[in-house]
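J.: Give me the fold of what follows.
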Amino acid sequence: MSITSLTPLSYVVLALVGDGGAGAHDLVLAMRQGGPVYWGGAPSGLYSEPKRLARLGYLTARLEPGRTHPRTVYTLTDAGRNALRGWLTEPAHFPRVKNEAHLRLLAGDLLGDAAIVKSFRGMLPELDRLQALAQEMYDQADQLPHRARYLRLSHAYALRLVQLHREWITDIQRELTSADQDQADG
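T.: Model (predicted):
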């Protein structure tokens, strides 16, 4: 087993499976809950990645009764636990940010300040939704007692990230509205 066969999604799956095990549907539910804040991607890979990790020996799969048909539950193998622990103990890197809003500023001279401000203000309803979601996740952290303090720290980060975006929008609005006013006055 080569560690190079593991991707960032692989580590997400291994971490979500954890010591308690999880089915693909459980992984998708976890991704849907935290995905809009942390990952933003489609959960479709969460159905295929556990199967791939089981073929590679990082997870085992067993069938359990489900509501309508048997469901596959995955658990970490020693190789999966070791791979995850190895990756977790590496130095954390500053998160890569794929930020569409930032592009509006990079090309701001092509758009105009009023359009940029309007575009950024359009983010506010999404921030309201993400803040509510992050707060809900924070409030529910105790439902997983073995992970509660880690989840609260993680969700506090999400709440701060949403607040940072609110402050950024305020700064952009202040600066670009002021620049428009200065141009009108000049």
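
J.: I'd guess V73 is in a strand, am I close?
T.: Yes - using DSSP: H, G, I helix; E, B strand; the rest coil, the assignment for V73 is a strand.

J.: Beyond the least confident helix or strand in the chain by mean pLDDT, next helix or strand please.
T.: Every helix and strand in the chain was compared by mean pLDDT, DSSP states H and E; the lowest is helix 24-38, with a mean of 75. Per DSSP states H and E, the first helix or strand lying C-terminal to helix 24-38 is helix 45-56.

J.: Could you list every helix and strand in contact with that following helix?
T.: Applying 3 or more Cβ pairs under 8 Å, 6 or more residues apart in numbering; DSSP states H and E, one finds that helix 45-56 contacts helix 8-17, helix 24-38, strand 59-64, strand 71-76. Glycine gets a C-beta too; all of them are placed from N, C-alpha and C.

J.: E175: which of those is closest?
T.: Closest to E175 of the helices and strands packed on helix 45-56, according to Cβ to Cβ: helix 24-38, at 26.5 Å.

J.: Can you give me the buried ones in stretch 121-140?
T.: Neighbour-count burial for stretch 121-140 flags 123, 130-131, 133-134, 137-138 (criterion: 16 or more other Cβ atoms under 10 Å).
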